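>>> The sequence and its predicted three-dimensional model are supplied below.
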Amino acid sequence: MRNLLQILARYSNFLVFLALEVVAFILIVSNIHYPKASFIATSNTVVAWQMEKATECSDYFHLRQENYNLMEENALLRDSLSALANIVEAQLEDSIARTYSYAHLQIHYIPARVIQLTRNVGHNYLTINKGSLDGVRIGQGVRNKDGVVGIVCTVSDHFALVMPVIHNQSQISCRLDKNKYFGTLVWNGKSWDSAILTDIASHVSVTDGDSIVTSGLTSAFPEGIPVGVVKHASIKPGDSYYSIDVNLCTDFRKLDFVQVIVNTLAQEQEELNGVD
């Protein structure tokens, strides 16, 4: 207390001067029009700047929720597109008096979030926060906004384990988009962003930059989902098939929100495929 009084006594002249300056400033601003208007304009600018920064901070902390909302909206949009495709197909069936349907049109999506992911090891897996109670089943495909992610391999009530493309046992049925030739995508075991497309015969035209998409030959993925692009295609003398390096569309370094692909006719399709 004594020290505080000593400090006040030592700087008393300065404190009195400062107080008088403040009083003078308030009187000028309150009674003279131009300084008053200038002060109000400046204070409004400062307050607006503070509110803008506060809003930016608030928006930043809500980005994850916004991303989740966008993911759910994307899933609903994909469902709507599938439903529209079904309507168009039904009208076509009526017009030509046929009764067939396409399994790849019986699709809807379950939005999910990746809560754990391993990379750059032989047996990579990712865990999502949706399980059997949400409609997730073993064998369902998983994608994100960029393309194929992997296939569900284990399911509990509230979570699911997904084998991603970057797993040494992953095999995804694909095709070259430009000429529709089929092949199998396998991981090269080296990098999170590259894989190998096999089973493409030597007579097929393959060039760098060609798009690779899902084939639709399995129930996990409908046809046409982006998988990657040809990085380099080569063939050794005497070989019957290309060796094709692929740059994957999905960036596994920042994988966050995904969608589980639900094919309502998957069981029927798999049973039929299993018939010898």
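Perfect, I can see it now. Numbering: from 1, shown residues only.

>>> If you count neighbours, what's buried in stretch 232-247?
Neighbour counts over stretch 232-247 (16 or more other CB atoms under 10 Å) mark A233, Y242, I244, D245, V246, N247 as buried. Glycine gets a C-beta too; all of them are placed from N, C-alpha and C.

>>> As TSV, those with pLDDT, secondary structure and distance to L20 would be great.
Converted to TSV, the buried residues of stretch 232-247 look like this (pLDDT from 0 to 100; DSSP: H, G, I helix; E, B strand; the rest coil; distance: CB to CB, whole Å):
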residue	pLDDT	secondary structure	distance to L20
A233	93	strand	84
Y242	93	coil	88
I244	95	strand	83
D245	96	strand	79
V246	97	strand	77
N247	96	strand	72
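
>>> dump the residue contacts of R253.
R119, W192, D193 (CB atoms under 8 Å, 6 or more residues apart in numbering).

>>> Going along the chain, name the helices of this structure.
For the chain, the helices defined by DSSP state H cover 2-10, 12-31, 33-61, 63-96, 266-273.

>>> With adjacent residues omitted, what lies nearest to R113?
Once flanking residues are discounted, R113 sits nearest to N129: 5.1 Å by CB to CB, 6 or more residues apart in numbering.

>>> tally of neighbours for that neighbour?
14 (other CB atoms under 10 Å).

>>> check contacts around it.
Shown in contact with N129 (CB under 8 Å, 6+ apart): A112, R113, I115, H158, F159.

>>> gap between it and F257?
As judged by CB to CB, to the nearest Å, N129 and F257 stand 10 Å apart.

>>> Identify the contacts common to the two.
Shared contacts of N129 and F257, defined by CB under 8 Å, 6+ apart, comprise A112, R113.

>>> Got the phi and psi for the residue nearest to G141 when sequence neighbours are not counted?
Sequence neighbours aside, A220 is the residue nearest to G141 in space, at 3.8 Å (criterion: CB to CB, 6+ apart). Backbone torsions for A220, taken as degrees, to the nearest 10, come to phi -70, psi -40.

>>> where does Q140 sit relative to I225, distance-wise?
Taking CB to CB, one finds Q140 at 13 Å from I225.

>>> make that V204, sorry
In terms of CB to CB, V204 sits 21 Å off from I225.

>>> Among the two, which residue is more densely surrounded?
Between V204 and I225, counting by other CB under 10 Å, I225 is the more crowded of the two (20 against 14).

>>> Let me see the contact set for that one.
Listed by CB under 8 Å, 6+ apart, the contact partners of I225 are G141, R143, G147, V148, V213, T214.

>>> Let's see if you can find the most crowded of these.
Neighbour tally across the contacts of I225 (other CB under 10 Å): the maximum, 28 neighbours, falls on V148.

>>> which one is that residue nearest to, not counting chain neighbours?
Closest residue in space to V148, ignoring its immediate chain neighbours: V227 at 5.0 Å, by CB to CB, 6+ apart.

>>> The one you found: neighbour count?
The burial count assigned to V227 is 27, neighbours taken as other CB under 10 Å.

>>> didn't it look like it was pressed against S215?
No. V227 lies out of contact with S215 (CB atoms under 8 Å); the separation is 9.6 Å.

>>> And the pLDDT for H104?
pLDDT, the model's per-residue confidence, is 43 for H104.

>>> K178 against V213, yeah?
No. K178 lies out of contact with V213 (CB under 8 Å); the separation is 10.2 Å.

>>> on that earlier part again, which stretch in the helices of the chain is the model least sure about?
The weakest mean pLDDT among the helices of the chain belongs to helix 33-61, with a mean of 57.

>>> Let me know whether G139 touches G150 as I believe.
No. Counting by CB under 8 Å, G139 sits too far from G150 to count as a contact (11.4 Å).
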